[in-house]
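**Student:** what follows is a protein structure lacking sequence information:
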């Protein structure tokens, strides 16, 4: 098992029930989530020693976040208290061909308003195997663009493996801003969550021009990304075929040791909650890397973990290693007695 630190903003999520519009909503379902927090919870579920670093207000909401993380076995040693407010986001659930919609309300949040590194850096990365962070954190502010790079450099200097999820969000920053910052980060990264869209639009890699074949296309993009950033040992991503808001086909892709690996296709129908599916996939990949599993086993596990996440409400994955493996072996929906 590995020792991991993830760092980012955790928010309160307020969601409508399926079929209800945000503008007409009279009540919301409440949960907590955020990319790095979701990965932390997955890895804690799998038995790793995980700490989540963030900042929340020193009030009942901040304490609720702490209890939420601790409930999943995530250490809050590096959870800071202070600032003005907890970030929120609202989600209007998708139905059929109508997509889900997210509205952010995170301006002025305790984490987003940080101007400098407030953690004890020596303590943060002491005896740590892996540091995970995402492009969402970089997108929060001008300060966080620089702080993200600074934190990654410090972790790298401490001998910690760096995991980075590009996780581009068009509602948070422009492509130009994302390109400038991410290209500063990637030279320090060891494991990177990046797919074909990231290759094309963030890294300006020319569109694949060969015959339409999922494997050949992804091999092309991974080879080109590794050519630009030879320091990155592992690339991974998911490919989806979206039939509707409640039915997707999902395949996991992995580029490791200059070889391409692909999972079986998971038909997910019905989807209970798609939010956090990518984070569950990242958690599965990182679990396999920390445990030094074989590449095909890593991608099979990660894709299964992501598929399972779609079947539960909330941002975070709620399944153990044995449950994911059981799903891989017998995932047919029958009752386990």
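**Tutor:** Done, it's in. Values in this document were obtained by computation on a predicted structure and should not be read as measured data. Residues are numbered from 1 along each chain as shown.
**Student:** ranges for the strands of the stretch 201-337 of the chain?
**Tutor:** Here the stretch 201-337 of the chain has its strands, by DSSP state E, counting those that start in this stretch, at 234-244, 247-256, 259-262, 266-268.
**Student:** nearest to residue 19, of the ones you listed?
**Tutor:** Nearest to residue 19, of all the strands of the stretch 201-337 of the chain, is strand 234-244, at 13.8 Å by Cβ to Cβ. All C-beta atoms are positioned from the backbone trio N, CA, C, and that covers glycine.
**Student:** in that closest one, what counts as buried?
**Tutor:** Buried residues in strand 234-244, counted by 16 or more other Cβ atoms under 10 Å: 234-239.
**Student:** middle-most residue in this structure, spatially?
**Tutor:** Nearest to the mean C-alpha position of the chain, counting by Cα atoms, centre = their mean, stands residue 279 at 3.1 Å.
**Student:** ok, back up a step: now the strands of the stretch 201-337 of the chain in TSV, with distance to residue 105?
**Tutor:** Formatted as TSV, the strands of the stretch 201-337 of the chain follow (distance: least, Cβ to Cβ, whole Å):
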stretch	distance to residue 105
strand 234-244	27
strand 247-256	27
strand 259-262	38
strand 266-268	29
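**Student:** so where do the helices sit in the stretch 1-150 of the chain?
**Tutor:** For the stretch 1-150 of the chain, the helices defined by DSSP state H, counting those that start in this stretch cover 35-45, 60-71, 121-124, 135-138, 142-157.
**Student:** worst average pLDDT in those?
**Tutor:** Between the helices of the stretch 1-150 of the chain, the one with the least mean pLDDT is helix 121-124; it has a mean of 92.
**Student:** run a quick neighbour tally on the spatially closest residue to residue 43 that is not a sequence neighbour.
**Tutor:** By the measure of Cβ to Cβ, 6 or more residues apart in numbering, the closest residue to residue 43 outside its immediate chain neighbours is residue 50, 4.8 Å from it. Other residues near residue 50 come to 27 when the count uses other Cβ atoms under 10 Å.
**Student:** before we move on, the earlier item: tell me the most buried of the helices of the stretch 1-150 of the chain?
**Tutor:** Scoring the helices of the stretch 1-150 of the chain by mean neighbour count under mean count of other Cβ atoms under 10 Å gives helix 35-45 as the most buried, with a mean of 28.
**Student:** packing partners of that one?
**Tutor:** Applying 3 or more Cβ pairs under 8 Å, 6 or more residues apart in numbering; DSSP states H and E, one finds that helix 35-45 contacts strand 3-7, strand 49-56, helix 60-71, strand 130-134, helix 135-138, helix 277-290.
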